[in-house]
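[1] Provide a 3D model corresponding to the input given below.
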Amino acid sequence: MIASNPRIPYRLADDKDALPAYDGRRIVVQFVVNMEHWRFDHPMPRGISTPPQGRAAVPDIPNFAWAEYGMRVGMKRFFDLFEGMNISASASLNANVIDVYPECAEKSLALGWEFIGHGLYQQAVHTEPDEADIIARSLDRLKAFTGVATRGWLGPGLGESIKTPDILKSLGIDYILDWVLDDRPCHMETTGGPLISVPYTLELNDSTVYAVEKHRTGEFLNRVKRTLAAFDREESAGTTIMTVALHPHLMGVPHRITELVEMAEVLAAHPDVTFAQPGDVASWFMALTAEAARERA
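    Just a heads-up that it's a prediction; the model follows:
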């Protein structure tokens, strides 16, 4: 039989038992904040400003500064918003952020944000000469800073090699966010045993909305409202995971932070929404899986 992909067996959404409520609610919202180290002496991962005369240069001052604005100013706005609303977000961070932007790492830790592995710096791990070494070094740095083993992984740019899930499992990772193919957790096959795929998003992602598709401010809020409306209509599907992916240089700028405030308020006011971190979702799904296995035994 031909498989759709070698990691997560295909199943139509109707061909699954509805997941029970999570903390008494049916829509679980995850705010994932991507905190990145764009290396000054390397080409920028993405740009907002085209090079003069079409000649790219390193250092790329305008695009580097565009990203650094987020870490200097945008993150302060994120911290104020989430702390003020008592929402625990998650930090998907390049491990070098701990040393390059220490105030951001320390504040995230103090607020109880979950730390998710995201490489050492903003470069897809499958392009590295030694992918396993980069992943291991990034996880070691996170553990040394937080005092606990990192459970989750989001690849820079969601990039993977054919071996990435196997490497992650061997290094103790419980769940991965790269596979944006479902609205609920799935089991992923690896050579070291099952890994959990926790839903992430490309659609409710400010990078897609504003850096790639270049919509006018307000489109992200529109998508959040329409997503909630769709999930309301799909009540019989059971619990659904809704991820909101953020970058401080995109949603942390003045003309968009008010949009993010309204997004958070709309979500908090919904009677069937609760907020969680991906690690909590992974643990919940693991417990459900274990319970189902006991019932079958």
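
[2] Please spell out the segments of this structure that come in under the pLDDT threshold.
    Low-confidence segments of the chain (pLDDT under 70): 1, 51, 53-54, 292-297.

[3] For it, which segments are assigned as strands?
    For the chain, the strands defined by DSSP state E cover 27-35, 90-93, 114-117, 152-153, 175-176, 186-188, 195-197, 240-246, 273-275.

[4] which stretch among those strands comes nearest Arg7?
    strand 186-188 (4.9 Å; Cβ to Cβ). Any C-beta I mention is one placed from the backbone N, CA and C, and that applies to glycine too.

[5] Residues touching that closest one, excluding its own?
    Defining contact as Cβ atoms under 8 Å, 6 or more residues apart in numbering, one finds that strand 186-188 is touched by 7-8, 165, 176, 179, 194-197, 289.

[6] Go again with 7 Å.
    Strand 186-188 is contacted from outside by 7-8, 165, 176, 194-197, using Cβ atoms under 7 Å, 6 or more residues apart in numbering.

[7] By neighbours, which of those residues wins?
    Most neighbours among these, by other Cβ atoms under 10 Å: Ile176, with 28 neighbours.

[8] So it sits against Trp153, correct?
    Yes. Contact status for Ile176 versus Trp153: in contact at 5.1 Å, counting by Cβ atoms under 7 Å.

[9] Now do the shared contacts for the two.
    In terms of Cβ under 7 Å, 6+ apart, Ile176 and Trp153 are both contacted by the residues Leu168.

[10] Make TSV out of the strands of the chain and add distance to Glu234.
    Below are the strands of the chain laid out as TSV (distance: least, Cβ to Cβ, whole Å):
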stretch	distance to Glu234
strand 27-35	10
strand 90-93	25
strand 114-117	27
strand 152-153	26
strand 175-176	24
strand 186-188	17
strand 195-197	20
strand 240-246	7
strand 273-275	14
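
[11] of those, which approaches Arg137 most closely?
    strand 114-117 (10.5 Å).

[12] starting at the chain centroid, how far to stretch 136-146?
    Stretch 136-146 sits 18 Å away from the centroid of its parent chain (Cα atoms, centre = their mean, to the nearest Å).

[13] What residues of that stretch count as buried?
    Neighbour-count burial for stretch 136-146 flags 138-139, 141-143, 145-146 (criterion: 16 or more other Cβ atoms under 10 Å).

[14] Output the residues you listed as TSV; include the columns distance to His247.
    Shown next, in TSV, are these (distance: Cβ to Cβ, whole Å):
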residue	distance to His247
Ser138	18
Leu139	22
Arg141	21
Leu142	19
Lys143	24
Phe145	21
Thr146	21
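
[15] ok, so of these, who is nearest Ile116?
    For the buried residues of stretch 136-146, the residue nearest Ile116 by Cβ to Cβ is Leu142; the value is 8.7 Å.

[16] Helices of the chain, residue ranges please.
    Along the chain, the segments classed as helices by DSSP state H run 61-69, 75-84, 97-100, 102-110, 131-146, 164-170, 206, 219-233, 248-251, 254-269, 278-296.

[17] follow-up on the earlier one: distance to Leu19 added to the contacts of strand 186-188, as TSV?
    Listed next are the contacts of strand 186-188 as TSV, based on distance: Cβ to Cβ, whole Å:
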residue	distance to Leu19
Arg7	20
Ile8	16
Pro165	23
Ile176	19
Pro194	17
Leu195	18
Ile196	13
Ser197	14
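
[18] Relative to Gly157, which of the residues you listed is nearest.
    Ile176 (14.0 Å).

[19] In contact with the closest one, which residues?
    Neighbouring residues of Ile176 by Cβ under 7 Å, 6+ apart: 153, 165, 168, 188, 195, 197.

[20] Next, format those as JSON lines and append distance to Val29.
    Converted to JSON lines, the contacts of Ile176 look like this (distance: Cβ to Cβ, whole Å):
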{"residue": "Trp153", "distance to Val29": "20"}
{"residue": "Pro165", "distance to Val29": "26"}
{"residue": "Leu168", "distance to Val29": "25"}
{"residue": "Met188", "distance to Val29": "23"}
{"residue": "Leu195", "distance to Val29": "23"}
{"residue": "Ser197", "distance to Val29": "18"}
